[in-house]
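> need the 3D shape of this:
(one chain, ligands or ions: 2)
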Amino acid sequence: MSSPSHLAAAPSAARRVGSIAVWDPVVRVFHWLVVAGFIANMFLNEEGKLVHRWVGYTILAAVLVRLIWGFVGSTHARFADFIPKPARLWSYVRSLLHRREPRYIGHNPAAAIMMMTLILLLVVCGVTGWMQGLDAFWGVLWVQTVHKVAAYTILALAAVHVLAAVRESVRHRENLIWSMITGRKRAPGGNDIAHAPASGRG
Ligand code: HEM
Ligand code: HEM
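Ligands and ions are numbered 1, 2, ... in the order given. Predicted coordinates:
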């Protein structure tokens with residue numbers, strides 16, 4: 001019979017040791033709303049399309065809620081839980097290169113940088129979209145260019161983001177995409193990093 005300590009010694013095993021709630025509903029609704037809104041806006045983008053503007057503003061509002069949630073939300077929704085210090089990021093990247101990266105219960109340091117980059121670019125897209133409708137920036141080329149480049153950069157990074165999620169899912173033998181739907185992940189084992197860096201643990 002397997003004891004809990006034995007299981008803790010093999011945290012990456014496909015063994016089902018129970019699951020815990022990780023992503024709260026705000027995080028999940030935010031994520032899939034942004035994905036749906038972004039995809040919609042990549043198609044509904046002819047000049048002057050009202051639906052494009054309102055979908056864009058909805059994304060901006062969702063991002064604003066998520067930024068506030070990063071300070072007051074549940075444990076793994078908080079920035080303090082996952083924004084890495086440079087040393088932690090490099091150590092994670094090094095372990096990634098050696099294919100020995102630990103499993104994080106919240107966002108791993110590389111995923112955290114990716115998510116903050118995506119959020120920043122969504123804000124750039126939303127703000128430059130809004131600027132295009134202002135008299136002061138009407139027809140100004142650089143604003144249109146920044147809007148377009150931000151949108152296509154999000155597209156490219158989102159592809160990397162999805163591939164990374166699939167890769168980590170295979171590596172740690174758990175479906176991270178399904179976790180972003182149910183909010184649940186396999187309970188932490190021995191070498192998994194479950195705690196906020198700020199707490200000094202993990
Ligand atoms: C435009 C497309 C996308 C954007 C802008 C985006 C953005 C984000 C952001 C901001 C987070 C952090 C969530 C939070 O803490 O609030 C996140 C996490 C995540 N996203 Fe996406 N995402 C996109 C597409 C996708 C797609 C298509 C999938 C899967 C099919 C996906 C899978 C995930 C997963 C699994 C996580 C959790 C990562 C982890 O475990 O650390 N994303 N994404
Ligand atoms: C945040 C999500 C958004 C995304 C992903 C997005 C994406 C895009 C894309 C891909 C284009 C076509 C660019 C091209 O090929 O020329 C476009 C055009 C446009 N967007 Fe957005 N957009 C967003 C938000 C907004 C917002 C909030 C507004 C205004 C309130 C807006 C206003 C416009 C306008 C006026 C154009 C036409 C510009 C032109 O044809 O020169 N967008 N957007």
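> roughly how far apart are residue 166 and residue 27?
19 Å (Cβ to Cβ, to the nearest Å). Backbone N, C-alpha and C define where each C-beta goes, glycine included.
> with neighbour numbers in mind, choose between the two.
residue 27 (19 against 13; other Cβ atoms under 10 Å).
> continuing past the helix or strand of the chain with the lowest mean pLDDT, what's the next helix or strand?
Every helix and strand of the chain was ranked by mean pLDDT, DSSP states H and E. The lowest is helix 4-8, at a mean of 38. Using DSSP states H and E, the helix or strand that directly follows helix 4-8 along the chain is strand 19-21.
> could you pull up the mean pLDDT of the helix or strand following that following strand?
For strand 19-21, the following helix or strand on the C-terminal side (DSSP H and E) is helix 25-43. If you average the pLDDT over helix 25-43, you get 98.
> what residues does helix 25-43 touch?
The contact list for helix 25-43 (Cβ atoms under 8 Å, 6 or more residues apart in numbering) reads 23, 51-52, 55-56, 58-59, 62-63, 65-66, 69, 73-74, 76-77, 122, 151, 154-155, 158, 180-181, 183.
> contacts for the next helix or strand after it?
Moving toward the C-terminus from helix 25-43, the next helix or strand (DSSP H and E) is helix 50-72. Residues outside helix 50-72 that contact it (Cβ under 8 Å, 6+ apart): 26-27, 30, 33-34, 37-38, 40-41, 44-46, 77-79, 119, 122-123, 125-127, 129-130, 133.
> please repeat the previous calculation with a cut-off of 6 Å.
Residues outside helix 50-72 that contact it (Cβ atoms under 6 Å, 6 or more residues apart in numbering): 26, 30, 33-34, 37, 40-41, 44-45, 77-79, 119, 122, 126, 129.
> if you count neighbours, what's buried in that helix?
Buried residues in helix 50-72, counted by 16 or more other Cβ atoms under 10 Å: 52, 53, 55, 56, 58, 59, 60, 62, 63, 66, 69, 70.
> do you know the pLDDT at the residue nearest to residue 24 when sequence neighbours are not counted?
Leaving aside its sequence neighbours, residue 24 sits nearest to residue 74 (Cβ to Cβ, 6 or more residues apart in numbering; 4.2 Å). We have a pLDDT of 97 for residue 74.
> rewinding a little: restrict the contacts of helix 25-43 to contacts with ligand 1.
66, 154, 158, 180 (Cβ under 6 Å from any ligand atom).
> ok, which pair from those is furthest apart?
154 and 180 (17.3 Å; Cβ to Cβ).
> between these two, tell me which one has more neighbours.
residue 154 (23 against 17).
> ok, back up a step: in TSV, list the ones next to ligand 1 among the contacts of helix 25-43 along with distance to residue 103.
TSV is the format used below for these (distance: Cβ to Cβ, whole Å):
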residue	distance to residue 103
66	24
154	27
158	23
180	16
